[in-house]
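Undergrad: Predicted coordinates and the sequence they were generated for:
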Amino acid sequence: MEIVRFYYDPISPYAWLATKQIARIEAAGVHLEMEPVLFAGLLKAHGLKGPAEIPAKREVMARDVMRIAAAQGLEFRGPPGHPFNPLLALRMCKAIKSATSLKRFTFMLSQACWERGLDLSNPAVLMQLAAECDLNGAALQGAANTPEVKQELIDATDAAIAAGVFGVPTFTYQGELFWGGDRIDLLLRRIAGHRIDEARLKDFLARPVLARRAD
């Protein structure tokens, strides 16, 4: 069975929206693998700023997310502050070895943050959410603070960077990247066998840069 990897960080409201579409991807007959990564690490590696770090983008992003949520009948509240520190939540994800439990906890994190307005940087909140998923929050937080699990998150983020991932959510399928929850329809087309003209793409990418911004 072909694999689709879902790179996510619950700090992204678009990752939350993407979780609402996962069933459509799985229905296409692929195996979905959850890949928690540190969004800040992706940004740093590519020399980028997150939309929440740019005032104009921050407001547009919030409006956009609220529009999409309303169109899909979803409740939007958002976290107490944004951006926030998702490290413990992500490390807890890495500490979960059951694919089913990881998926459930991942969805719970995004739903709790963006629909319920909970603070995912608060260890007590994460303990509560783990319990709601029938997981041992104390054990997960203990594991999350070990050097091994911390390194697993670093390695996962580095592997995503090496694969060309620069933002979340990103889906990969047969080496191709689909960035953003609004690209799921295109991912489904690709799974169904629709391809772009790779020769034309290669030709375009080989064309010279005709202008550069001044420093």
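TA: Yes, it's here. Not measured: the values here are computed from a predicted model. Numbering: from 1, shown residues only.
Undergrad: Could you pull out the strands in this protein for me?
TA: 3-8, 31-36, 170-173, 176-179 (DSSP state E).
Undergrad: tell me the pLDDT at the nearest residue to residue 84 once chain neighbours are set aside?
TA: Among residues not flanking residue 84 along the chain, residue 121 sits closest, at 4.7 Å (CB to CB, 6 or more residues apart in numbering). In this view, the C-beta of every residue, glycine as well, is placed from N, C-alpha and C. pLDDT, residue 121: 98.
Undergrad: Against residue 134, how distant is residue 121?
TA: In this view, residue 121 and residue 134 are 23 Å apart by CB to CB, to the nearest Å.
Undergrad: ok, these two, which is more surrounded?
TA: Taking neighbours as other CB atoms under 10 Å, residue 121 and residue 134 compare with residue 121 leading, 19 against 9.
Undergrad: if we can go back for a sec, check the strands of the chain for me and report the most buried one.
TA: For the strands of the chain, average neighbour numbers computed from mean count of other CB atoms under 10 Å are highest in strand 170-173, which has a mean of 23.
Undergrad: So which elements touch that strand?
TA: When contacts are defined as 3 or more CB pairs under 8 Å, 6 or more residues apart in numbering; DSSP states H and E, strand 170-173 sits against strand 3-8, strand 176-179, helix 184-191.
Undergrad: quick one: which of the ones you listed is nearest residue 56?
TA: Set against residue 56 and scored by CB to CB, these come closest in strand 176-179, at 20.4 Å.
Undergrad: just how off-centre is that closest one within its chain?
TA: Distance of strand 176-179 from its chain centroid, counting by CA atoms, centre = their mean, to the nearest Å, is 12 Å.
Undergrad: So residue 201 versus residue 59, what's the distance?
TA: Relative to residue 59, residue 201 is positioned 34 Å away (CB to CB).
Undergrad: actually residue 41, not the one I wrote
TA: Distance of residue 41 to residue 59, computed by CB to CB: 25 Å.
Undergrad: Those two: who's more crowded?
TA: Set residue 41 next to residue 59 and count neighbours by other CB under 10 Å: residue 41 wins out with 18 against 11.
Undergrad: So for the more buried one, what's the nearest residue that isn't a sequence neighbour?
TA: Closest residue in space to residue 41, ignoring its immediate chain neighbours: residue 157 at 4.2 Å, by CB to CB, 6+ apart.
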